[in-house]
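In: Using only what follows, build the 3D model:
(one chain, ligands or ions: 2)
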Amino acid sequence: MAGVLLWVITPKENATALLRFIPRSGKQKGSRLCPGLKFSTGVSAALSSAVANPARSSEQKVYEVVLKQAALVKEQRQKKALDLKRTQKNSCGSITRDSSHIKSQQVPSHWYYTYDARSVGELLVGNFTVVINISLYCAVWCRRTDELVDGPNALHITPRALDRWEKRLDDLFEGRPYDMLDAALSDTVSKYPVDIQPFKDMIEGMRLDLRKSRYKNFDELYLYCYYVAGTVGLMTVPVMGIAHESKASTESVYNAALALGIANQLTNILRDVGEDARRGRIYLPQDELAQASLSDDDIFRGQVTDKWRNFMKDQIKRARMFFDEAEKGVAELNAASRWPVWASLLLYRQILDAIEENDYNNFTKRAYVGKAKKFASLPVAYGRALTGTSK
Ligand SMILES: CC(C)=CCC/C(C)=C/CC/C(C)=C/CC/C(C)=C/[C@@H]1[C@@H](COP(=O)(O)OP(=O)(O)O)[C@]1(C)CC/C=C(\C)CC/C=C(\C)CCC=C(C)C
Ligand SMILES: [Mn+2]
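Out: Ligands and ions are numbered 1, 2, ... in the order given. Just a heads-up that it's a prediction; the model follows:
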């Protein structure tokens with residue numbers, strides 16, 4: 001009922017995003033953005049804020065990008081499904097790479113095993129290396145972009161330098177790369193339905209880093225996290241691909257990919273509080289710090305107090321919620337992509353455990369995951385990738 005009401009009173013493009021956070025039952029389980037923090041809860045609060053404040057939240061703005069990206073991949077998936085149908089029609093029921101097709105045919109049962117063996121093979125070696133290689137080109141471009149504002153020559157980087165980097169990106173997308181690394185990405189974006197928008201948005205995040213060192217609230221921080229990390233999820237899904245047999249909507253897979261980027265960046269921020277403060281940067285939401293009776297000076301002083309521990313507990317809780325959201329989408333990816341994604345999710349999430357193990361001292365102690373734990377995560381990730389479950 002509340003969902004329907006929102007649909008009527010909000011502009012069409014905003015309604016979908018709003019509805020995602022308000023269950024149709026009319027009950028909201030606390031604020032998704034601010035777990036444990038006493039902000040707007042309940043449908044009526046959301047409704048009155050939507051009416052009183054027609055400006056869109058960062059989450060709504062970002063969700064519009066997600067919908068656009070999802071539409072691109074959806075188009076490609078529909079085309080593939082059509083091609084597959086045509087092949088089936090012309091091939092008198094020969095085996096294709098689509099499991100649902102195989103299993104819906106009257107075929108001898110041992111063929112299923114052949115298919116399963118092939119899936120395992122594919123997961124082990126097949127497309128796996130292709131996925132890794134291609135993701136690497138994206139990763140290299142992301143790292144180079146980040147190095148512009150964070151690297152050894154960052155002091156010389158002006159907004160104009162970022163404009164030039166963006167021009168270079170335009171050229172790369174139009175098939176005019178400047179160097180070998182650009183050329184690899186140029187080739188990738190010509191083969192997969194990768195849109196330029198998330199790349200441009202990442203550059204926008206670097207612009208933000210040049211001019212901003214404080215974030216008023218989580219809404220502002222969320223936008224920053226989307227720019228520098230959520231974008232990575234949107235860049236990589238079209239390359240990794242969604243499984244043919246997936247019944248999930250393309251939007252929900254993108255949503256999960258976005259959540260993984262946000263979760264990773266929130267984790268980065270929580271790990272690097274001391275390091276960032278020494279560069280004069282505080283990414284933590286100012287209003288939440290104030291609510292916990294903490295100030296910038298407390299952070300510069302770097303004392304681990306009970307106030308700080310409690311504040312950190314809430315921040316970690318929120319980052320974990322984004323990891324949970326991300327988990328929902330991994331099983332929908334192509335088999336070959338699931339393992340690296342699970343591995344990166346499990347490894348990054350363990351940084352949050354390490355902060356807890358350091359008794360929340362993220363001022364002078366770097367939270368890191370030891371080699372043994374890293375290695376132990378790999379078979380777990382592999383098991384989840386194989387079974388398509390998150391346990
Ligand atoms: C459905 C579903 C769950 C799909 C998965 C989608 C997916 C693969 C998401 C990837 C999320 C991801 C790895 C995000 C990166 C987040 C991140 C760490 C961003 C960092 C930004 C700047 O932060 P900061 O300066 O504070 O940090 P440093 O101290 O400098 O580290 C980044 C540095 C941006 C640069 C990002 C990269 C270099 C990583 C890019 C990685 C890929 C493109 C490959 C991802 C592929 C796999 C298989 C994990
Ligand atoms: Mn960086």
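In: So which residues on the chain come close to ligand 1?
Out: Counting by C-beta under 6 Å from any ligand atom, the chain comes close to ligand 1 at 135, 138-139, 142-143, 146, 150, 228-229, 232-233, 236-237, 253, 256-257, 260-261, 264-265, 268, 326, 329-330, 333, 340-341, 344. For glycine as for every other residue, the C-beta is placed from the backbone atoms N, C-alpha and C.
In: check contacts around W165.
Out: Applying C-beta atoms under 8 Å, 6 or more residues apart in numbering to W165 gives the contacts T145, L148, I203.
In: rerun that using 10 Å as the cut-off
Out: Remark: with contacts taken as C-beta atoms under 10 Å, 6 or more residues apart in numbering, W165 is in contact with R144, T145, L148, I157, I203, M206.
In: are any of the residues of the chain next to ligand 1 buried, and which?
Out: Buried residues within those, counting neighbours by 16 or more other C-beta atoms under 10 Å: 135, 138, 142, 146, 228-229, 232-233, 236-237, 253, 256-257, 260-261, 264-265, 268, 326, 329-330, 333, 340-341, 344.
In: And the residue of the stretch 251-391 of the chain found nearest ligand 1, how far from M202?
Out: For the stretch 251-391 of the chain, the residue closest to ligand 1 is G329, as judged by C-beta to the nearest ligand atom, at 3.2 Å. Spatial separation of G329 from M202 under the definition C-beta to C-beta, to the nearest Å is 20 Å.
In: before we move on, what about K328?
Out: In terms of C-beta to C-beta, K328 sits 24 Å off from M202.
In: try G388
Out: Separation of G388 from M202 (C-beta to C-beta) stands at 30 Å.
In: try A385
Out: In this structure, A385 lies at 27 Å from M202, with C-beta to C-beta as the measure.
In: and if you look at S57?
Out: In this view, S57 and M202 are 21 Å apart by C-beta to C-beta.
In: before we move on, what about G233?
Out: The gap separating G233 from M202 is 11 Å, by C-beta to C-beta.
In: what residues are shared contacts of these two?
Out: Y226.
In: ok so, going back, just the residues of the chain next to ligand 1: which are in helices?
Out: With helices taken from DSSP state H, the overlap with the residues of the chain next to ligand 1 comprises 135, 138-139, 142-143, 146, 150, 232-233, 236-237, 253, 256-257, 260-261, 264-265, 268, 326, 329-330, 340-341, 344.
In: can you narrow the residues you listed to ones near ligand 2?
Out: Here is what survives when those are matched to ligand 2 using C-beta under 5 Å from the ion: D146, D150.
In: I'd say G274 and T364 touch.
Out: Yes: the pair G274 and T364 qualifies as a contact (C-beta atoms under 10 Å) at a distance of 5.7 Å.
In: who has more neighbours, those two?
Out: The neighbour count for G274 versus T364, taken as other C-beta atoms under 10 Å, is higher for G274 (16 against 10).
In: and the longest strand that the chain contains, what's its mean pLDDT?
Out: In the chain, taking DSSP state E as the definition, the longest strand is strand 282-285. Strand 282-285 shows a mean pLDDT of 98 in the predicted model.
In: Show me what it is packed against.
Out: strand 214-215, helix 218-225, helix 250-271, helix 273-278, helix 296-301, helix 306-330 (3 or more C-beta pairs under 10 Å, 6 or more residues apart in numbering; DSSP states H and E).
In: centre of the chain versus the second one, how much separation?
Out: Okay, so that is helix 218-225. Centroid separation between helix 218-225 and its chain, computed with C-alpha atoms, centre = their mean, to the nearest Å, is 13 Å.
In: Output the below-cut-off pLDDT ranges for the stretch 51-200 of the chain.
Out: For the stretch 51-200 of the chain, the stretches flagged by pLDDT under 70 are 51-54, 81, 83-134.
In: At which residues are the helices of it located?
Out: Listed in chain order, the helices of the stretch 51-200 of the chain (DSSP state H, counting those that start in this stretch) span 58-90, 99-104, 110-124, 126-150, 159-173, 180-191, 197-211.
In: which residue packs closest to the closest residue to ligand 2 within the chain, ignoring adjacent ones?
Out: With C-beta to the ion as the measure, the residue in the chain that lies nearest ligand 2 is D150; the distance is 3.5 Å. If you skip the residues right next to it in sequence, D150 has D209 as its closest partner in space, 7.8 Å away by C-beta to C-beta, 6 or more residues apart in numbering.
In: For Y137, see how far away that neighbour is.
Out: Between D209 and Y137 the computed distance is 23 Å (C-beta to C-beta).
In: I figured G175 was touching S190, is that so?
Out: Yes: taking contact to mean C-beta under 10 Å, the distance of 6.5 Å between G175 and S190 places them in contact.
In: shared neighbours, those two?
Out: In the contact map built from C-beta under 10 Å, 6+ apart, no residue is linked to both G175 and S190.
In: Report the secondary structure state of Y360.
Out: On the three-state scheme (DSSP: H, G, I helix; E, B strand; the rest coil), Y360 is labelled coil.
In: Between G274 and T364, which contacts overlap?
Out: With C-beta under 10 Å, 6+ apart as the test, G274 and T364 both reach G302.
In: ok, back up a step: looking at G388 and M202, which is more packed in?
Out: Here G388 and M202 are set side by side on neighbour count (other C-beta under 10 Å), and the busier one is M202, at 23 against 15.
In: list the contacts for A257?
Out: 66, 69-70, 230-237, 240, 326, 329-330, 332-333, 341.
In: any idea how far stretch 150-164 is from the chain center?
Out: Average the C-alpha atoms of stretch 150-164, do the same for its chain, and the two points are 25 Å apart (C-alpha atoms, centre = their mean).
In: buried ones in that stretch?
Out: Taking 16+ other C-beta under 10 Å as the neighbour-count basis, stretch 150-164 is seen to contain the buried residues I157, L162.
In: Perfect, that will be all.
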